[in-house]
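Peer 1: Here's a sequence, model it:
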Amino acid sequence: MTSLKPSYLSPLSDMASKVVSGRRSRTPLACALALGTAVTFGVLISMATATTAAASSVPLQPSSPSSTAPDNLSIMLMAREGQLERAAEQLRAEFNSDRSNLALANRLAITYAALGRIEDSREVLETALAFNEVSAKTFENLKVLAGIQFARSYAQALGQPAPPNPQGLDTLDGDGLQVGALKQQLAAYEQAKIQAEADRLAAERLAAQQQAAERLAAERLAAQQQAAERLAADRLAARQQAAERPSAEGAARAKEEATARAAESMLIQWAKAWSSVDFERYAGFYDVSFANDRFKTRADWLAFRKPRVVGKSSIRVELSGIEVQLKKSNQGLTRAKARFSQRYESGRLRLNVRKEMDLVYRGNQWFIQSEGN
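Peer 2: Numbering: from 1, shown residues only. Okay, the predicted model is just below:
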């Protein structure tokens, strides 16, 4: 980068050179004091010379209307996008062609300072002061920058780290542009980058978890389908084998199950006839040989039961837990023992009883041969 160094800066340059060249032969504290004196002396020379020039200079001229340098808002937005270096390059190009513009110099110096380029920031202001009337704010900025340089040089001479956040740096401003605001925009840009990266990583982790869950679900579904297909195939093979090798035992078992279901169906129909107060249909379920402990004939039993059926306005009988145990005889499956729970409701009367019945099979139909609790 080419810059024009004013003649009044020569003493400062010479003094700094002497401090650096003699650093090895002096103690760190002596070097620091000498270098600080040089910097301070240079600032005083700068202020005095610039003030003298301000008294005799002509009024400042604004930048050309065709200027391409970014304004304050543009610089803030560029800092927000992490393009503050580009803004500095554009400002520098404009400044190199118009060193008489203090506002432009201040804008460029503030941008350099926000980027941590303190030497470049100071050089721009010193160059502008050499050619233009100096405003009060420009003097203040130059003093702050010189103080920062002195602090850094002093710490370096003592072998100590430079202050991480020099006092006064963030307050540098000019023409509405401030170092602190620019640094905030840079920090916001960096934070946005960090957050964007964190969001991207979180999205990738979530996508990976979703893919893993979907893959696991697909594997489980495939395993279940395969197990179901194997089970269906096994059942089909078993049915085919049973069909290919019919046995008398299987046929007898099927007949036994059908006979038991027929007996259970008869009991359900018996309860429905009772619930419908249809005594004739109700009586038809009792065998001609019916007898129990109290009644020795079917006629005596039905005479006892009739007023308890037809004399009711409403009856509700429900059976549950029906168990039918078939009894084999020489004539085949002609007898059975039935056990079940009976719930009886009529008016306010509610009864729950456990019943047993002896059943007899006549003419392809089951009948009640005995009934008791």
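
Peer 1: for this structure, what helix or strand is lowest in average pLDDT?
Peer 2: helix 10-21 (a mean of 44; mean pLDDT, DSSP states H and E).

Peer 1: Give the helix, strand or coil label for the residue nearest the centre of the chain.
Peer 2: The residue at the geometric middle of the chain, judged as the C-alpha nearest the mean C-alpha position with CA atoms, centre = their mean, is residue 206 (7.4 Å). Taking DSSP: H, G, I helix; E, B strand; the rest coil as the rule, one finds residue 206 in the helix state.

Peer 1: Shouldn't residue 203 be within a helix?
Peer 2: Yes. Residue 203 forms part of a helix when assessed by three-state DSSP.

Peer 1: Can you show me the helices along the protein?
Peer 2: In the chain, the helices defined using DSSP state H lie at 10-21, 28-56, 72-80, 84-97, 102-114, 118-131, 136-157, 179-244, 248-275, 279-283, 298-305, 307-310.

Peer 1: Of those, flag the one that's most buried.
Peer 2: helix 102-114 (a mean of 26; mean count of other CB atoms under 10 Å). From N, CA and C alone the C-beta is placed, and that goes for glycine too.

Peer 1: That one packs against which elements?
Peer 2: In this structure, helix 102-114 makes packing contacts with helix 72-80, helix 84-97, helix 118-131, helix 136-157, strand 173-174, strand 177-178, helix 179-244, judged by 3 or more CB pairs under 8 Å, 6 or more residues apart in numbering; DSSP states H and E.

Peer 1: what bits of the stretch 101-250 of the chain have low per-residue confidence?
Peer 2: Along the stretch 101-250 of the chain, the parts satisfying pLDDT under 70 run over 132-137, 139, 165, 167, 244-248.

Peer 1: Excluding covalently adjacent residues, which one is nearest to residue 175?
Peer 2: In space, and not counting its chain neighbours, residue 175 is closest to residue 103: 5.0 Å by CB to CB, 6 or more residues apart in numbering.

Peer 1: And residue 286, by the same measure?
Peer 2: When the adjacent residues along the chain are set aside, residue 286 lies closest to residue 368, with 5.0 Å between them (CB to CB, 6+ apart).
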